[in-house]
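**Student:** Take this sequence and fold it.
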Amino acid sequence: MMIGGVVDDEGTAVPVPDQVRRIVSLVPSLTEAVGVTDRTRLVGITDWCTHPADLDVPRLRGTKNPDVDAIVALAPDFVLANQEENKPEHLAALREAGVAVYVTDVRTVDGGLDSLGRMLSACGLGEPAWLGEARRLWAALPEPAERRRAAVPIWRRPWMACGADTFTGAVLARLGIDNVLAGSPERYPRFTPGELPAHDLVVLPDEPYRFTADDGPESFTAPSVLVSGRLLTWYGPSLVEAARTLPRVLGLPAAHR
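**Tutor:** Down below sits the predicted model:
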């Protein structure tokens with residue numbers, strides 16, 4: 001029974017049943033957000049959804065190639081998606097099949113926290129304790145005394161990096177580290193290590209490409225640091241760990257307790 005609707009981050013009206021009991025998540029971050037809050041509602045996730053680690057629900061292929069027919073067959077009350085991670089044609093196919101699709105659009109830390117709050121509210125889950133803690137920790141981070149400039153590779157062969165308007169860049173900027181490729185016209189531009197703009201740090205995440213300690217000194221003259229990709233790119237409960245861990249890993253002041 002539909003009793004009303006909500007508006008997602010893209011401004012699309014989404015019908016809401018009186019109780020949201022069956023959720024399919026097509027985004028690892030959103031899977032973790034729902035799974036930590038109330039895992040009983042998840043009935044389908046992607047192959048890339050690794051948190052919570054012990055979820056035992058059907059896998060529906062990847063974020064870019066979900067099994068639309070299998071999703072429809074699960075009769076979900078809600079499908080959770082993301083503007084960057086999922087393709088419009090798949091979401092359109094789900095809507096045409098009568099499935100309610102809620103799309104998030106996350107580009108900044110505060111924007112991500114607010115987006116998560118709206119999404120969880122639309123699912124009838126309210127604001128869980130982990131989201132309040134994430135808000136508190138990020139608000140408590142001290143203003144950096146000086147800013148640094150970093151390159152943030154995400155792939156090699158070919159080399160690719162975070163460019164304009166990425167959540168990763170926003171997380172680092174909040175910590176006082178500016179992305180030297182933030183002015184690129186592309187979100188994930190190709191680059192040549194020796195031709196990067198001036199920088200004093202290279203941040204190497206372990207996803208989507210699993211960088212190792214050999215990838216920094218081998219390819220860059222600036223100091224490099226290995227960082228959990230989940231803490232840089234995910235925007236669910238991992239934001240709590242990110243606020244506590246990233247400052248230490250990157251040699252920055254920690255959040256006030």
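
**Student:** Domain parsing of the protein, as residue ranges.
**Tutor:** Following automatic domain parsing, the chain resolves into domains at 2-127, 144-249.

**Student:** Between these, which one is closest to Ala134.
**Tutor:** Each of the domains of the chain has some distance to Ala134 by CB to CB; the shortest is domain 144-249, at 4.1 Å. C-beta here means a position set from N, CA and C on the backbone, and glycine is covered the same way.

**Student:** just the helices in the stretch 151-257 of the chain please.
**Tutor:** 167-174, 215-219, 229-233, 238-249 (DSSP state H, counting those that start in this stretch).

**Student:** Correct me if wrong: Arg22 contacts Leu80.
**Tutor:** No. If you go by CB atoms under 8 Å, Arg22 and Leu80 don't touch, sitting 11.6 Å apart.

**Student:** The two: who's more crowded?
**Tutor:** Using other CB atoms under 10 Å, the more surrounded residue of Arg22 and Leu80 is Leu80, with 26 against 17.

**Student:** quick one: the more buried one from Leu131, how far?
**Tutor:** 15 Å (CB to CB, to the nearest Å).

**Student:** same thing with Ala182?
**Tutor:** Distance, Ala182 to Leu131, by CB to CB: 27 Å.

**Student:** Which one's more surrounded, the two?
**Tutor:** Neighbour comparison, Ala182 and Leu131: the larger count goes to Leu131, with 23 against 18 (by other CB under 10 Å).

**Student:** And the pLDDT at that one?
**Tutor:** Here, the pLDDT recorded for Leu131 equals 98.

**Student:** Output the domains of the chain as a markdown table; include the columns mean pLDDT and distance to Arg135.
**Tutor:** Shown next, in a markdown table, are the domains of the chain (pLDDT from 0 to 100; distance: least, CB to CB, whole Å):
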| stretch | mean pLDDT | distance to Arg135 |
| --- | --- | --- |
| domain 2-127 | 96 | 6 |
| domain 144-249 | 94 | 9 |
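
**Student:** Dump the ones you listed to TSV, plus distance to Leu137.
**Tutor:** Listed next are the domains of the chain as TSV, based on distance: least, CB to CB, whole Å:
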stretch	distance to Leu137
domain 2-127	10
domain 144-249	4
